[in-house]
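Engineer: Structural data only, the sequence is not supplied:
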């Protein structure tokens, strides 16, 4: 599998997580929404790193790497990187609490998040995934493959 194929798979999986996070939002499963939104952002951003031939790290927030490699992206995408990195950082901080709750205070996940939190997470994740999907489509049309 080359980098383009991997990028496509990562971004497809990001879209799947958006789909299920939207369903979970309807069901009131707010912690699950947060977790799925975080995973979708992580996958989408790792996908665009693959597009430029960069090996994504094994950690969850790749925003700093995206910023370091900003010049490898088209101008329209570069203009979004700071915003995408902020979204990644914010959702990364919520990854474990969304799954396990606040272990220090013994607060379960369902008491930590509101509908508003979940809606914001989905909205932000959709922005990131859509931007990454658009970049992927442009990359494919240009026939660029850094594999």
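Structural biologist: Thanks, I have it. For clarity, every value in this text was computed on a predicted model and none was experimentally measured. Numbers count the residues shown, from 1 in each chain.

Engineer: From here on, just use CA atoms for contacts and neighbour counts.
Structural biologist: OK.

Engineer: what sits against residue 41?
Structural biologist: Counting by CA atoms under 8 Å, 6 or more residues apart in numbering, residue 41 makes contact with 14, 88, 125, 128-129.

Engineer: What about these, which are in helices?
Structural biologist: 14, 88, 125, 128-129 (DSSP state H).

Engineer: Considering those, which is situated nearest to residue 26?
Structural biologist: Residue 26 has its nearest neighbour among the ones in helices among the contacts of residue 41 in residue 125, at 16.3 Å by CA to CA.

Engineer: The closest one: neighbour count?
Structural biologist: 30 (other CA atoms under 10 Å).

Engineer: Tell me the buried residues within the ones in helices among the contacts of residue 41.
Structural biologist: 14, 88, 125, 128-129 (16 or more other CA atoms under 10 Å).

Engineer: export these to JSON lines and tack on distance to residue 46 and pLDDT?
Structural biologist: Shown next, in JSON lines, are those (distance: CA to CA, whole Å; pLDDT from 0 to 100):
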{"residue": "14", "distance to residue 46": "10", "pLDDT": "98"}
{"residue": "88", "distance to residue 46": "11", "pLDDT": "97"}
{"residue": "125", "distance to residue 46": "14", "pLDDT": "98"}
{"residue": "128", "distance to residue 46": "11", "pLDDT": "98"}
{"residue": "129", "distance to residue 46": "11", "pLDDT": "98"}
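
Engineer: Can you name the two of those residues that sit furthest apart?
Structural biologist: Taking CA to CA, no two of those sit farther apart than 14 and 88, at 13.1 Å.

Engineer: Overlap in contacts, the two.
Structural biologist: Joint contacts of residue 14 and residue 88 (CA under 8 Å, 6+ apart) are 41-42.

Engineer: hmm, who's touching whichever strand or helix holds residue 7?
Structural biologist: Element membership of residue 7, judged by DSSP states H and E, is helix 3-26. With CA under 8 Å, 6+ apart as the test, helix 3-26 has contacts from 30, 32-34, 36-37, 39-44, 46-51, 53, 115, 118-119, 122, 125-126, 129, 132-133, 136, 145-147.

Engineer: Thanks a lot, see you next time.
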